[in-house]
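Visitor: Need a 3D model of the following:
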Amino acid sequence: MAERKNNLHLETQFVHATGSGEPPVGQPTATPVYAAATYTYESMDQMDRAFAGEIEGYVYTRHGNPTVNIFEKAICAVESGATARAYGSGMAAIHAALFACELSPGSVVLASQDLYGATTNLLLNIFGSFGIKTLFADFSNLEEVRGKTLESKPRVLIAETISNPLLKVCDVDACAEIAHSSGARLIIDNTFASPYLCQPLTHGADLVVHSATKFLSGHADAMGGIAVSRDELDRVALTGVMKLAGEASRYSFGILSRVPPSQNATRSLSPGSTRKSHGAPPATTTCNRALGAFAGKPGSRSSLSSSVPSRATRWPPAE
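Guide: Predicted structure coming up:
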């Protein structure tokens with residue numbers, strides 16, 4: 001073996017010695033950061049099938065990354081969603097959610113007048129340049145929301161669970177009823193409430209988005225966003241935006257996916273939120289189970305949503 005190595009050029013020896021190697025014996029207790037930009041397969045045929053989506057697998061990290069996918073599964077679970085995709089920022093997640101609603105020239109978006117300023121900017125200056133019209137309403141005034149919905153026939157209603165920065169609370173159940181009665185979809189930005197205090201999909205919203213930079217991070221050391229849908233059919237659109245415009249940093253999501261409960265989202269959500277919510281149930285327990293279940297299993301991409309008890313993330317409980 002030593003004689004063979006001596007016959008190899010030094011650079012060749014480095015290539016062989018620093019390859020990806022075999023997976024470690026034993027599963028890591030924290031989410032590994034998979035820094036690879038590309039992935040190798042036993043054959044080109046197998047890689048082609050993975051690239052085409054015919055089999056599960058990773059090919060190019062802009063199209064999917066094991067570290068990021070672990071976080072997607074965890075938030076999809078605690079939000080009781082059917083599918084989720086992560087992005088480089090909360091704004092990219094909002095962009096993806098709007099895109100999933102099939103907006104086209106002439107479409108109308110009815111937005112809360114208290115939306116985060118960058119969201120308003122996105123609607124007016126980016127989507128507006130493509131002929132999509134945005135109207136605004138006070139979502140704390142349900143009669144105004146209902147009236148403008150009936151009048152303008154919007155394709156999408158968008159609001160925040162708790163508005164940034166005015167802290168107005170949205171009645172998600174009522175807004176979902178108004179939206180669906182007119183054939184519209186409801187997008188809820190759940191950044192300020194977090195899944196610990198509210199899961200909008202369980203109250204009728206169609207898509208929920210987060211700036212993971214805020215409460216889901218908790219330490220001001222990672223940036224990202226995520227969009228979760230109650231409908232598996234939205235996965236194609238959400239994935240399309242991820243591939244073309246909103247790649248998520250595997251380093252940021254390695255930080256965001258930290259476990260156990262004393263770290264990351266669970267620290268920012270649990271102690272302070274418990275005091276603020278007078279003992280809300282620990283949705284973070286579900287989050288940690290989801291993260292722990294997939295740490296060290298980059299090949300596992302099945303949905304966790306079916307394993308979440310229907311009442312596990314709802315508060316207050318139904319009478």
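
Visitor: what are the bridge partners for I226, then?
Guide: I226 has these beta-bridge partners by DSSP bridges: A86, H210.

Visitor: ok, how many other residues are close to it?
Guide: 32 (other CB atoms under 10 Å). In this view, the C-beta of every residue, glycine as well, is placed from N, C-alpha and C.

Visitor: residues in contact with it?
Guide: For I226, the contacting residues are 71-72, 75, 84-87, 93, 209-210, 212, 216, by CB atoms under 8 Å, 6 or more residues apart in numbering.

Visitor: From G26, how far off is the residue nearest the centre of the chain?
Guide: Centroid-nearest residue in the chain, with CA atoms, centre = their mean: I226, separated by 2.2 Å. To G26, I226 is 29 Å away according to CB to CB, to the nearest Å.

Visitor: Check S252 too.
Guide: According to CB to CB, S252 stands 26 Å off from G26.

Visitor: got it, and D171?
Guide: Remark: distance between D171 and G26 (CB to CB) = 49 Å.

Visitor: mind checking the end-to-end distance for stretch 159-166?
Guide: Its start and end residues considered, stretch 159-166 measures 13 Å (CA to CA, to the nearest Å).

Visitor: For it, buried residues please.
Guide: By neighbour count on 16 or more other CB atoms under 10 Å, the buried set for stretch 159-166 is 159-164.

Visitor: Out of those, which sit inside helices?
Guide: Members of those lying in helices (criterion: DSSP state H): none.

Visitor: Contacts only, for F127.
Guide: 98, 103, 109, 134.

Visitor: whoops, I mixed them up, P105
Guide: Contacts of P105 (CB under 8 Å, 6+ apart): 130-132.

Visitor: for those residues, which one is nearest I178?
Guide: Closest approach to I178 among the contacts of P105 (CB to CB): I132, at 20.1 Å.

Visitor: Torsion angles phi and psi at the closest one?
Guide: phi -100, psi 130 (degrees, to the nearest 10).

Visitor: F99 is in contact with that one, correct?
Guide: No. Contact status for I132 versus F99: not in contact, 10.9 Å apart, counting by CB atoms under 8 Å.

Visitor: Would you map the helices across the chain?
Guide: 2-6, 10-17, 44-51, 66-78, 90-100, 117-121, 142-152, 172-181, 194-197, 235-244, 250-256, 264-276, 283-294.
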